[in-house]
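1. Structural data only, the sequence is not supplied:
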């Protein structure tokens, strides 16, 4: 188990793969673990049908948001690691990318840990489209919800704040609901195996 606040340099994880029979196999080991993994808006279902339509997935690792091309081979989802493309590099003061989600247009919404915000990024151009500022610094993740998926729910942390920071950020550790963004998200995808 790796804790989210565990930043030891030798803290590594393994990449494993599972199939529709729930068999697990190791594909590589000693990887730097990602903070988030999000599939694009074309995602229909994972490992379930030969007509899988996943094209890309987005991965956060360190201060980079990258995308990889995906394809299916003999009903297996394959990642083309050679086709990695950096989508966005975090700027000074934005903190570190943590959890993320996509909207119905396939654009990314990225929680910025120690940055006090969520940034909206076009993964095709790498352009930051919007910033949602929050009254806390440790923004941890986000997802769309509500009856029509037009509300952005944003989680935060208070762990690691000293007493002075806690008094300045009394809402740290809460979940926030952001309305009026003019975009809609989509339901979370489930593994059907």
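-> Okay, I see it. Quantities reported herein were computed from a predicted structural model and do not represent experimental measurements.
2. drop to CA atoms for contacts and neighbour counts, all remaining ones
-> Fine.
3. what ranges do the strands span in this protein?
-> Ranges of strands in the chain, per DSSP state E, are 13-18, 24-31, 36-39, 56-61, 64-73, 76-89, 96-102, 108-113, 117-121, 128-133, 139-145, 151-156, 175-178.
4. which stretch in the ones you listed has the least confidence?
-> With a mean of 47, strand 56-61 has the lowest mean pLDDT of the strands of the chain.
5. Give me the nearest residue to residue 140, chain neighbours excluded.
-> Closest residue to residue 140 in three dimensions, ignoring its sequence neighbours and counting by Cα to Cα, 6 or more residues apart in numbering: residue 156, at 5.0 Å.
6. Does residue 123 touch residue 108 like I think?
-> Yes. Checked against Cα atoms under 8 Å, the pair residue 123 and residue 108 is within contact range at 6.7 Å.
7. More neighbours: which of the two?
-> residue 108 (25 against 21; other Cα atoms under 10 Å).
8. mind listing what the more buried one touches?
-> 100, 101, 102, 119, 120, 121, 122, 123 (Cα atoms under 8 Å, 6 or more residues apart in numbering).
9. cutoff 6 Å now
-> Residue 108 sits next to 101, 102, 120, 121 when contact means Cα atoms under 6 Å, 6 or more residues apart in numbering.
10. just these now: which is nearest residue 140?
-> Nearest to residue 140 among these, counting by Cα to Cα, is residue 101 at 11.7 Å.
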